[in-house]
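>>> With the sequence up front, the predicted model follows.
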Amino acid sequence: MSDVSAHPGTGTRATDPTRLARYTTLRLGGAARRVETAVSAEEIVQKVRQARLRDEPALLLAGGSNVVIGDVGFPGTVVLVRSRGLRVVAEDAETVTVRVEAGEPWDDLVAATVANGWSGLECLSGVPGSAGATPIQNVGAYGQEVAETITGVQVYDRDVDDVRRIAAADCGFAYRSSIFKYSERWVVLSVDFRLTRSPLSAPVRYAELARTLGVAVGDRVPLADARATVLRLRAGKGMVLDDADPDTWSVGSFFTNPVLSGAAYELLRERAAELGEPPHWPGAGDTVKVSAAWLIDKAGFAKGHPGPEGVAISGKHTLALTNRTGTASTAALLSLARDIRDGVHARFGVPLHPEPVLVNCAL
């Protein structure tokens with residue numbers, strides 16, 4: 001994601017066009033050897049091939065909303081993905097399939113689907129990033145995941161130097177994961193989404209969203225109402241990017257919600273007995289998904305908790321780690337993240353794992 005359309009960030013120290021802090025929502029990241037822009041799928045492939053001919057690694061970056069780049073930068077070519085556009089490639093009386101270029105800003109796509117009366121992405125409103133990043137992360141929010149609507153992903157396969165289409169069933173979609181996430185093999189070029197022709201949302205699954213809408217879980221609401229409500233909820237948690245609000249200078253949720261076995265969840269309940277039942281949801285099989293935000297807060301890391309060099313937990317949401325001054329280092333952000341991870345493990349025995357991709361740095 002990796003993410004939204006890349007634009008130089010404001011309020012950062014970065015003036016060198018090769019300094020990657022210019023292109024990440026955290027305003028963090030050292031310099032690349034070179035930065036190039038690709039405005040089409042063909043140019044993306046060409047830039048990656050050229051980097052290989054120079055014997056350089058290539059990093060695809062569509063804006064940096066789900067990536068943490070080390071202070072040492074990147075010792076190769078960074079390709080800024082600026083491809084745009086969407087078109088209908090299949091349709092019938094009930095559904096429409098749209099092919100979306102990798103660099104299309106995600107929320108622009110969601111807005112277009114809502115305006116056209118296509119249901120299936122409305123609860124993913126306000127998620128920063130690009131369309132091409134969504135299958136990498138299997139982006140999800142407020143009860144929807146892109147895996148539910150993706151039918152295929154067009155990729156450049158670096159291993160065999162060829163462009164191919166991977167069917168959704170072969171993408172290895174799981175909770176915030178896919179075959180693309182930790183592999184350098186695949187470069188996403190476009191994504192196909194099959195959506196339902198309906199003026200109403202998909203059934204509302206997320207309890208907080210249902211309460212805010214004033215409906216029962218499982219009800220449907222007008223698409224525009226679902227989108228507007230999700231945007232309000234996200235903004236209240238600092239999860240809608242705003243150049244004027246340092247509390248949004250983050251990668252969104254820094255940690256994924258832990259997925260525990262039944263036995264591990266019972267151990268957590270014992271450790272947290274005096275705090276009440278940990279917020280949780282059924283996971284795949286017999287697993288239990290637990291709220292990382294709750295664990296972080298109850299381990300002593302409240303909203304606004306400070307770290308070194310001006311980094312801090314967001315004042316709006318405990319899952320967001322922010323570079324509030326715009327002048328901190330990646331090392332400082334990761335120091336805060338380690339403190340949180342280690343504190344949660346010491347208190348509850350539950351491991352936390354980062355959600356963003358870490359480039360030339362480690363937690």
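Looks like it arrived, so ask away.

>>> Am I right that Thr229 falls within a helix?
Yes. Counting by DSSP: H, G, I helix; E, B strand; the rest coil, one finds Thr229 located in a helix.

>>> Relative to Pro203, how far out is it?
Using CB to CB, to the nearest Å, we find Thr229 at a distance of 15 Å from Pro203. Where you see a C-beta, it was placed from the backbone N, CA and C, and this is true even at glycine.

>>> Between those two, which has more neighbouring residues?
Taking other CB atoms under 10 Å, Thr229 and Pro203 do not tie; Thr229 has more neighbours (23 against 14).

>>> pretty sure the more buried one is in contact with Arg211, am I right?
No. With contact defined as CB atoms under 8 Å, Thr229 does not reach Arg211; the gap is 10.2 Å.

>>> Where do the helices of the stretch 51-200 of the chain begin and end?
For the stretch 51-200 of the chain, the helices defined by DSSP state H, counting those that start in this stretch occupy 106-115, 134-137.

>>> is it possible to export the ones you listed to a markdown table including mean pLDDT and mean neighbour count?
As requested, the helices of the stretch 51-200 of the chain are exported to a markdown table (pLDDT from 0 to 100; neighbours: other CB atoms under 10 Å):
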| stretch | mean pLDDT | mean neighbour count |
| --- | --- | --- |
| helix 106-115 | 98 | 20 |
| helix 134-137 | 95 | 28 |
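
>>> To Ala312, which of these lies closest?
Across the helices of the stretch 51-200 of the chain, Ala312 has its closest neighbour in helix 134-137 (24.2 Å, CB to CB).

>>> Dump the C-alpha coordinates for that closest one into PDB.
What follows is helix 134-137, C-alpha atoms only, in PDB (Å, rounded to 0.1, in the frame of the first residue of the first chain):
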ATOM      1  CA  THR A 134      -6.500  -3.100  -0.900                       C
ATOM      2  CA  PRO A 135      -5.900  -6.700  -1.900                       C
ATOM      3  CA  ILE A 136      -2.400  -6.600  -0.500                       C
ATOM      4  CA  GLN A 137      -3.700  -5.900   3.000                       C
END
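
>>> Got phi/psi on Glu94?
The phi/psi pair for Glu94 (degrees, to the nearest 10) reads phi -110, psi -20.

>>> Alright, I will stop here.
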